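Participant: predicted structure and sequence below. I'll ask about it afterward.
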Amino acid sequence: MNRQFLTRVRTPFRVLIGTLLLSLSLLHTQGYADSATEININADAALERFRAEVAGADRFLQSAVGVLVFPRVLKAGFGIGGEYGEGVLRMGGTSVEYYSTAAASIGFQLGAQSKAVFILFMDSEALEKFRSAQGWRAGVDGSISLIKIGAGGIVDTNTIQDPMIGFVLTNAGLMYNLTLEGSKFTRLSR
């Protein structure tokens, strides 16, 4: 093979692999740095923002038997990407367990972003099934219905009948076209 061709192919590939490894190491390092206290402080701030930015948020939170809050899920990628975050499961306003979320993706992507993820358990059966799993994967072990935004930016409250509903907040506000499919949730010891 032509040596010049191999050099042209190897360089972008090395950049891609290097960027991916750096991105995943940053996600991994950030995720494991949070203590239970830090997760709780960040979750409190994320819930305040959730209440301020999502019309009807208090009604959803009061109806839920459990709320899983991931205050900061970092996603980074360059062609191949990954995301990671740590959060807390609260029941009756009390922190009961800590979880991580992780996902990988392939496709056109470049850069990094941070988002807050809120999963509300609307019935006890869904919550118990989630808590008893060794590692719960969205789309495999159950589904999370993301809230839809209706006319005028109002939350469509018809989805409140689903056993698990999710909200994703980015710097741009409430996102309704994202998916949590393939995300894995694992209990942490904190």
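Facilitator: Perfect, I can see it now.
Participant: the longest strand anywhere in the chain pairs with which strands?
Facilitator: Determined from DSSP state E, the single longest strand within the chain is strand 94-121. Next to strand 94-121 in the sheet, as set by DSSP bridges, lie strand 66-91 (antiparallel), strand 164-170 (antiparallel), strand 184-188 (antiparallel).
Participant: return the set of buried residues in the second one.
Facilitator: Right, strand 164-170. For strand 164-170, burial by neighbour count (16 or more other C-beta atoms under 10 Å) applies to 164-169. Just so you know, the C-beta spots here come from the backbone N, C-alpha and C atoms, and that holds for glycine as well.
Participant: now, which of those sits nearest Q62?
Facilitator: The closest of the buried residues of strand 164-170 to Q62 turns out to be I165 (C-beta to C-beta; 13.6 Å).
Participant: thinking that closest one is in contact with L61, fair?
Facilitator: No: under the criterion of C-beta atoms under 8 Å, I165 makes no contact with L61, lying 11.1 Å away.
Participant: now the common contact residues for these two.
Facilitator: Common contact partners of I165 and L61 (C-beta atoms under 8 Å, 6 or more residues apart in numbering): L120.
Participant: tell me the mean pLDDT over stretch 35-50?
Facilitator: On average, the pLDDT along stretch 35-50 is 95.
Participant: contacts for that stretch next, please.
Facilitator: Residues outside stretch 35-50 that contact it (C-beta under 8 Å, 6+ apart): 34, 57, 61, 67, 69-72, 86-88, 90, 95, 98, 116, 118, 167, 169, 190.
Participant: for this protein, give me the ranges with low pLDDT.
Facilitator: Residue ranges of the chain with pLDDT under 70: 1-33, 78-79, 107-111, 138-143, 147-160, 172-179, 181-182.
Participant: mind listing what N171 touches?
Facilitator: Per C-beta under 8 Å, 6+ apart, neighbours of N171: S114.
Participant: how far away is it from Y98?
Facilitator: The gap separating N171 from Y98 is 25 Å, by C-beta to C-beta, to the nearest Å.
Participant: surely L89 touches L68?
Facilitator: Yes: using C-beta under 8 Å, L89 makes contact with L68 at a distance of 4.9 Å.
Participant: what do the two both touch?
Facilitator: Counting by C-beta under 8 Å, 6+ apart, the common neighbours of L89 and L68 are Y99.
Participant: partner residues bridging Q113?
Facilitator: Residues in a beta bridge with Q113, per DSSP bridges, are K75.
Participant: let me fix that: T94
Facilitator: Beta-bridge pairing for T94 (DSSP bridges): M91.
Participant: ok, how many other residues are close to it?
Facilitator: 8 (other C-beta atoms under 10 Å).
Participant: please apply the same query to S145.
Facilitator: Neighbour tally, S145, other C-beta under 10 Å: 16.
Participant: bridging residues for it?
Facilitator: With DSSP bridges as the criterion, S145 is bridged to I165.
Participant: quick one: it and G166 touch, right?
Facilitator: Yes: judged on C-beta under 8 Å, S145 makes contact with G166 at a distance of 6.9 Å.
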